[in-house]
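Asker: coords please:
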Amino acid sequence: MPTPPPASMTPVFLWVHKKIVDPLLQIIRRGTEPKQLAFSASLGITLGIFPICGVTVLLCGIAIALLGSHCHSPTLMLANFVATPIELSLVVPFLRFGEAISGGPHFPLTSDGLKKVLTGEASREVLLSIVHALLGWLVAAPLILATLYILLFPCFKILVRKFGTRPSSPKRPPPPPHTNPDARLKIRDV
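Answerer: Numbers count the residues shown, from 1 in each chain. Modelled structure (predicted):
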């Protein structure tokens, strides 16, 4: 059950609480292991910053299909959703990183460059810049995934400990279902 946010929250914080915090708490309360949560969140963010907008959900779906029970799909998709604003801000750094790796030409991000793109004069340059951005992401993705996992694993351990469901003790059997107390007395009397 979602926790009600404080009444003094602004609309942005209410939205974040409803779209991110509540789903994350529901995921944690379902008893998933911290390792799986950290891996899934790391993978979701790493795929979520893929430099071609609109492709990340498809990539996450493919990852879920390939990894199956090794990843937690709701966590992966929530992390992908959270990574969307980061994705938009990292397109240019991935582009520049890919240009530096390949030694390729520098794609101009100026008004003249935009004019050439809009008129169709720079189609080869645009395709080359997309390839450079993909190259930058491909080189950075394993490092990003590993770093995020290292950072998120202890966080999820704490969150699962604080908000997760507590398993019953293995030495004690679970309590019997509620029954009629008269029925127990009759069994004892016999």
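Asker: list the contacts of stretch 34-45.
Answerer: For stretch 34-45, the external contacting residues (CB atoms under 8 Å, 6 or more residues apart in numbering) are 27-28, 60, 63, 67, 70-73, 75-80, 82-83, 86, 144-145, 148-149, 152-153, 155-157, 159-160. C-betas here are computed from N, CA, C, even on glycine.
Asker: pull out the buried positions in stretch 82-99.
Answerer: 82-83, 87, 90-91, 94-99 (16 or more other CB atoms under 10 Å).
Asker: quick one, which of the contacts of stretch 34-45 are buried?
Answerer: 27-28, 60, 63, 71-73, 75-80, 82-83, 145, 148-149, 152-153, 156-157, 159-160.
Asker: out of those residues, which are inside helices?
Answerer: 27-28, 60, 63, 73, 75-80, 82, 145, 148-149, 152-153, 156-157, 159-160 (DSSP state H).
Asker: tell me the pLDDT at Val139?
Answerer: On pLDDT, Val139 comes in at 96.
Asker: quick one: classify it as helix, strand or coil.
Answerer: Here Val139 is recorded as helix under DSSP: H, G, I helix; E, B strand; the rest coil.
Asker: retrieve the pLDDT associated with Leu185.
Answerer: 52.
Asker: how near is the most centrally placed residue in the chain to Leu114?
Answerer: Central residue of the chain (CA atoms, centre = their mean): Ala79, 1.6 Å from the mean position. Per CB to CB, to the nearest Å, Ala79 is found 32 Å from Leu114.
Asker: repeat that for Phe107.
Answerer: From Phe107 to Leu114 the distance is 11 Å (CB to CB).
Asker: just to revisit the earlier point, surely the residue nearest to the centre of the chain is in contact with Gly48?
Answerer: Yes - Ala79 is within contact range of Gly48, at 6.3 Å (criterion: CB atoms under 8 Å).
Asker: looking at the buried residues of stretch 82-99, which are in helices?
Answerer: Short answer: the buried residues of stretch 82-99 in helices (DSSP H) are 82, 87, 90-91, 94-99.
Asker: between those residues, which is nearest Gly164?
Answerer: Minimum distance to Gly164 across those is 20.2 Å, recorded for Val82 (CB to CB).
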